[in-house]
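>>> This is a predicted model, with the sequence first.
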Amino acid sequence: MKTPSFVGIPPTSFGVVALSVALLLTSPVRSESWPQFRGPNARGMAVNTTSLTPDVGPDSRQKMWKIALPPGHSSPVVTETRIFVQGVDKNQLLTIALDRITGAKLWESASPYQQLEEIHRIGSHAQCTIATDGEHVVSFFGSSGMTCFDNNGKQLWHLPLGPFKNTFGAGSSPLIADGKVILSQDHDLDSFLLAVDVKTGKTAWRTERGDYLRNYGSPTVWTVDGKKQVVVAGTLRVTGYDLETGSEVWKVRGIARFVSSTPTVGADNILFASGFAAGNEVGGERFSVPAFDEVAKEYDKNNNGGFEEDEVPDGPIQMRFSQVDRDKNGSLSREEYELFRTLFAVGRNVVIAIRPGGVGDVTDTHVLWVQPKHVPFCASPINTGPRLFTVRDKGILTSLNAKTGAKLKEGRLEAAGDYYSSPVAGDGKVYLIDEHGKLTIVSDADEWQVLHTADFEENCYATPALVDNQIFLRTAGHLYCFGRRPMVALK
């Protein structure tokens, strides 16, 4: 790793530098944290921030430092004194700790594995984001499982998991709540929701989700009537589980067959979720697949009662053969084929708002609104108070009324790539970056306006962190820090 470069810091006298260091070491003001994917409770909202710079870019005068990182899609998480990311270097699965003030590497540790999982062509073996509670640092690699470290890099425990039956790899990130590490893993087979003790790594509970197929949204925590629930969106429904026991509390049916975005809790304790899958457009493109028996008459050439890949006719099943083949035995059974035929028919691409307080199937009682348009694929929606922002691939940005779901404004950004990074917001601004590293900052307003654009000239899949008036942004090869140096009491 290269030595951090400090840019945009004006020349100062030794006396001023010494005074700044003294203030940094003695100030009683404590910095805040961005402890998981999308920050506190996955909301994507800036923490302890009153002044976020709109001047963000590779040549910005507000750039405090820039460091080189090994490849990885994990988003930065931030504590009072450290930044944590995951990366892959020479097939090592690395958890990396950086100094928050300078960006200098403090430690790195490799997680063990027996074989690397399969990943998508644009994926990474370091796709998931670390979770921390300030004392424990939990990394998750689909090839290895979960590993917990202390702040100084000492391994506390390791829980082997994976590789899973999924040709795209693991993508959901863990969170820490009430002393438990919560991890949702939805794959082609054997999906589950898991809670382990953050101190010991021992399983607190495990809830099987066998009828949920591959999904990539991370869980979030929703506090309802004083009790915490773990909410996961995936495979036709949004589901809430009791944080203490893992038992299902409620579900809402009616979303896509495949979900990549993470739910978020917004104003008035309303839960927002979205799901998008090809062929699930409401009132638009819908995949239509003939029944198994109808196809088998013509295409089951060897009469074995299943379909090998060269026997499946062109269409949505053939294009997704490795996904439909849930057990990965190289042949599609009647059950596998008909399951996906049903998913294509039933799934709906929607953004959905859910009121708290339901028990059981609350589809007909607790859905506040459903918006069948303006649905993002990977990028999670963000609620900034009275409005909800969604960004779709090709740079289509939409603001919605958070109370009704009605469209306020839609427009195409100059950054017209696909969006795997989720939007984040604070100080009246919304920050978005596309796959090609093109950043757009818009005003947090019903009739949003573009405030600033920049091109980092590197691919970007990570979601930025906004904390203490600073912006931490990861590209394919670097991590940037923009803004002002926080006055913190270092530990």
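Yep, it's here.
>>> Point out where this protein drops to low pLDDT.
Counting by pLDDT under 70, the chain contains low-confidence residues at 1-30, 485-491.
>>> Which parts of it are helices?
All helices of the chain, identified by DSSP state H, fall at 14-26, 292-299, 316-319, 321-324, 334-346.
>>> Residues in contact with the fourth one: which ones?
When contacts are defined by C-beta atoms under 8 Å, 6 or more residues apart in numbering, helix 321-324 is touched by residues 167, 188, 213-214, 309, 312, 317, 328, 332, 336-337, 339-340. To be clear about C-beta, it is placed using only N, CA and C from the backbone, and glycine gets the same treatment.
>>> filter the residues you listed to the buried ones?
For those, a burial check counting by 16 or more other C-beta atoms under 10 Å picks out Thr167, Asp188, Leu213, Arg214, Val312, Ile317, Leu332, Glu336, Tyr337, Leu339, Phe340.
>>> The first one contacts Glu118, doesn't it?
I take that to be Thr167. Yes - here Thr167 reaches Glu118: they are 4.7 Å apart, a contact under C-beta atoms under 8 Å.
>>> so what's Tyr461 up against?
Each residue near Tyr461 by C-beta under 8 Å, 6+ apart is listed here: His73, Ile122, Ser124, Gln127, Tyr420, Ser421, Glu435, Ala476.
>>> from those residues, which single one is nearest Thr53?
Closest to Thr53 out of the contacts of Tyr461 is Ser421 (18.4 Å), distances taken as C-beta to C-beta.
>>> Distance-wise, check that closest one relative to Pro263.
Distance check for Ser421 against Pro263: by C-beta to C-beta, to the nearest Å, it reads 17 Å.
>>> what do you get for Asn215?
For Asn215, the distance to Pro263 equals 12 Å [C-beta to C-beta].
>>> so what sits against both of the two?
Counting by C-beta under 8 Å, 6+ apart, the contacts common to Asn215 and Pro263 are Val232, Ala233.
>>> in the sheet, who's paired with Lys407?
Beta-bridge partners for Lys407, by DSSP bridges, are Leu400.
>>> Give me the neighbour count for it.
For Lys407, the count of nearby residues is 13 (other C-beta atoms under 10 Å).
>>> ok, now which ones touch it?
For Lys407, the contacting residues are Gln371, Lys373, His374, Thr398, Ser399, Leu400, Asn401, by C-beta under 8 Å, 6+ apart.
>>> Separate out the buried members of those.
Gln371, Lys373, His374, Thr398, Ser399, Leu400.
>>> and the gap between the last one and Asp197?
Right, the one you point to is Leu400. Using C-beta to C-beta, Leu400 is found at 39 Å from Asp197.
>>> coming back round to it: can you redo the contacts of Lys407 as TSV with distance to Val230?
Output for the contacts of Lys407, formatted as TSV (distance: C-beta to C-beta, whole Å):
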residue	distance to Val230
Gln371	24
Lys373	29
His374	27
Thr398	28
Ser399	29
Leu400	25
Asn401	28
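>>> Can you tell me which of those residues is nearest Val442?
Within the contacts of Lys407, proximity to Val442 (C-beta to C-beta) peaks at Ser399, which comes in at 8.9 Å.
>>> list the contacts for that closest one?
Going by C-beta under 8 Å, 6+ apart, Ser399 touches Arg387, Leu388, Phe389, Lys407, Leu408, Lys409, Glu410, Ala445, Asp446, Glu447, Trp448.
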